[in-house]
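J.: coords below, sequence missing:
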């Protein structure tokens with residue numbers, strides 16, 4: 001009888017071990033699930049820096065809008081990146097408020113003198129912020145953000161330009177880079193541009209890249225070849241006028257489509273190869 005009981009006890013040991021490992025695996029799976037869930041909750045909180053104390057007290061994270069800005073690559077050659085929620089609503093309204101009383105008819109750069117001249121190519125009104133304006137904390141925050149996302153130093157940037165397009169106003173396709181030596185004296189070539197939308201537009205006002213892609217898009221109520229980006233308040237486009245080899249990229253051709261209804265407010269920052277003076 002003793003031998004029979006001993007055999008039964010030994011026969012039950014493998015079953016006990018199997019049960020133990022099953023329980024252990026169950027605990028591991030539960031732990032992994034809880035970890036994944038907590039990460040999702042954390043990522044959700046990042047969308048609102050104010051809801052997480054780790055971001056609330058981080059001035060740099062708030063200045064750069066960490067977790068709010070969502071980069072979306074639209075094209076690789078030329079490089080075009082759409083930065084969703086790049087500006088806050090308050091920053092957009094602030095730029096419009098300080099620019100409004102100082103608007104004048106927009107000009108284009110004269111390649112022989114470097115000065116602004118009126119042209120039918122561009123029918124908007126606009127103004128440039130001054131070096132004095134750059135002392136304001138909100139302007140400094142925007143310029144700092146541009147530098148970080150473009151990876152081009154603040155001092156390489158030209159003065160910020162604010163533009164307003166009313167119905168039937170536009171900017172015909174053009175390049176931001178220079179083809180003359182005169183304009184290269186103040187910091188070298190323009191290598192990149194950050195175009196920020198300060199308002200929504202009821203209809204029209206898209207930014208078009210005619211040399212990008214093989215499809216068609218709606219530009220000022222018409223179908224045209226290329227890639228179009230619809231203005232949305234707070235969004236920004238970062239695109240490069242220079243290719244990876246350092247040469248200017250003719251495919252960076254771009255324009256502002258006609259506004260059909262409403263107003264289009266935007267701000268532009270051109271970025272140079274070296275310090276702009």
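T.: Thanks, I have the structure now. None of the values given here were measured: they were computed from a predicted structure.

J.: direction included, what does the helix or strand that contains residue 83 pair against?
T.: Assigned by DSSP states H and E, residue 83 belongs to strand 79-84. Applying DSSP bridges, strand 79-84 is found paired with strand 70-76 (antiparallel), strand 236-240 (antiparallel).

J.: pull the distance from that strand to the chain's centre.
T.: 5 Å (CA atoms, centre = their mean, to the nearest Å).

J.: buried set for the very next helix or strand once past that strand?
T.: Toward the C-terminus, strand 79-84 is succeeded by helix 89-99 as the next helix or strand (DSSP H and E). For helix 89-99, burial by neighbour count (16 or more other CB atoms under 10 Å) applies to 91-92, 94-96, 98-99. In short, each C-beta sits where N, CA and C put it, glycine included.

J.: closest to residue 144 among those?
T.: residue 91 (12.1 Å; CB to CB).

J.: what sits up against stretch 70-78?
T.: 79-85, 149, 209, 212-213, 227, 229, 237, 239-241, 243, 249, 251-252 (CB atoms under 8 Å, 6 or more residues apart in numbering).

J.: ok, for the residue nearest the centre of the chain, nearest residue in space, not its chain neighbours?
T.: The C-alpha lying nearest the average C-alpha coordinate of the chain belongs to residue 83 (CA atoms, centre = their mean; 2.0 Å). Nearest residue to residue 83, sequence neighbours excluded (CB to CB, 6 or more residues apart in numbering): residue 236, at 4.5 Å.

J.: next up, the contacts around that neighbour.
T.: When contacts are counted by CB under 8 Å, 6+ apart, residue 236 touches 82-83, 86-87, 194-197.

J.: now tabulate those residues in CSV and tack on pLDDT and distance to residue 272.
T.: Shown next, in CSV, are the contacts of residue 236 (pLDDT from 0 to 100; distance: CB to CB, whole Å):
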residue, pLDDT, distance to residue 272
82, 98, 23
83, 98, 20
86, 98, 20
87, 98, 22
194, 98, 13
195, 98, 16
196, 98, 18
197, 98, 23
